[in-house]
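*Asks:* fold the following for me, if possible:
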Amino acid sequence: MIELRPFAKLGAADHGWLKAKHHFSFGSHYDPSNMGHGSLRVWNDDEIAPNAGFPAHPHANMEIITYVREGAITHQDSLGNKGRTEAGDVQVMSAGSGIRHSEYNLESTQTRIFQIWIEPTMQGGQPTWGTRPFPKSDRSGKLVTIASGFEVDKDALPIRAKARVLATTLRAGESAEYAPGKARHLYLVPAAGAVEVNGVRVNARDGAAISNENQLKITALEDSELVLVDAA
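*Replies:* Below you'll find the model as predicted:
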């Protein structure tokens, strides 16, 4: 089953410096009928103005993945970590027993990110943060795992959840396949372009909630970049 979530119908918030679309219930956009998809709890599509961002605030017991679509995000946290993550790359923060962090767009242009939260398989633990480049050339025409809680995915950033985050860039007419198993909960969002997933068209920034599908065939209808979460 594939349930399309059109971008135009997503919950929205406009804070001036931040324009956000919420694929699931979040903040002032409270929707008790849409609290997540399996262990995937949050997928926010954020546009952050230059020299603006999220000041220091706390989190606990959540895996927070930031996929940078345009621009760059600069992270700082209570563990002393600081880093800049550029477009196409990803950062992961395991909030564990508790962490405070800030995320700022220190660039001269707008930054666009996907902010993805996945519920961990266990509570507590030492918080961690990491970032890693994933060149688009390495994921052209194929799905590449960029964050994962499975030991087999050794090149991915680790998360504390039985889930993985994948990304690919596809040229028009190219296809990628993925076999998740029917018991999994998948959520797919094109960052750019348009794709067809098992016959269902998904445009840029639309969401597709997928369940009970043994096999996915993703075909690019135009040059596309997409992110896919496979969650318990």
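
*Asks:* where's residue 73 relative to residue 33, distance?
*Replies:* In this view, residue 73 and residue 33 are 31 Å apart by CB to CB, to the nearest Å. The C-beta positions use only the backbone N, C-alpha and C, and glycine is treated the same way.

*Asks:* between these two, which is the more surrounded one?
*Replies:* For residue 73 against residue 33, the residue with the higher neighbour count under other CB atoms under 10 Å is residue 73, and the figures read 28 against 5.

*Asks:* the more buried one sits in which helix or strand?
*Replies:* Following DSSP states H and E, one finds residue 73 within strand 72-77.

*Asks:* and whatever helix or strand comes next after that strand, what does it pack onto?
*Replies:* Of the helices and strands lying after strand 72-77 in sequence (DSSP H and E), the nearest is strand 82-86. For strand 82-86, the elements it packs on are strand 63-70, strand 72-77, strand 128-132, judged by 3 or more CB pairs under 8 Å, 6 or more residues apart in numbering; DSSP states H and E.

*Asks:* again, 10 Å this time
*Replies:* With contacts defined as 3 or more CB pairs under 10 Å, 6 or more residues apart in numbering; DSSP states H and E, the secondary structure elements packing on strand 82-86 are strand 63-70, strand 72-77, strand 90-94, strand 99-105, strand 111-118, strand 128-132.

*Asks:* quick one: closest of these to residue 19.
*Replies:* Using CB to CB as the criterion, the shortest distance between residue 19 and these is 9.5 Å, found for strand 111-118.

*Asks:* show me the beta-bridge partners of the residue positioned nearest the centre of the chain.
*Replies:* Centroid-nearest residue in the chain: residue 116, 4.1 Å away (criterion: CA atoms, centre = their mean). Counting by DSSP bridges, residue 116 forms beta bridges with residue 43, residue 65.

*Asks:* quick one: it from residue 176, how far?
*Replies:* Computed with CB to CB, the distance linking residue 116 and residue 176 is 19 Å.

*Asks:* you'd agree the residue nearest to the centre of the chain is up against residue 43?
*Replies:* Yes. Using CB atoms under 10 Å, residue 116 is in contact with residue 43, at 5.4 Å.

*Asks:* shared neighbours, those two?
*Replies:* Among the neighbours of residue 116, those also in contact with residue 43 (CB atoms under 10 Å, 6 or more residues apart in numbering) are 23, 65, 67, 187, 189, 227, 229.

*Asks:* excluding sequence neighbours, find me the nearest residue to the third one.
*Replies:* What that stands for is residue 67. residue 114 (4.3 Å; CB to CB, 6 or more residues apart in numbering).

*Asks:* mind listing what the one you found touches?
*Replies:* Counting by CB under 10 Å, 6+ apart, residue 114 makes contact with 23, 43-46, 65-69, 90, 165, 167, 189, 191, 205, 227, 229.

*Asks:* I am finished for the moment; much appreciated.
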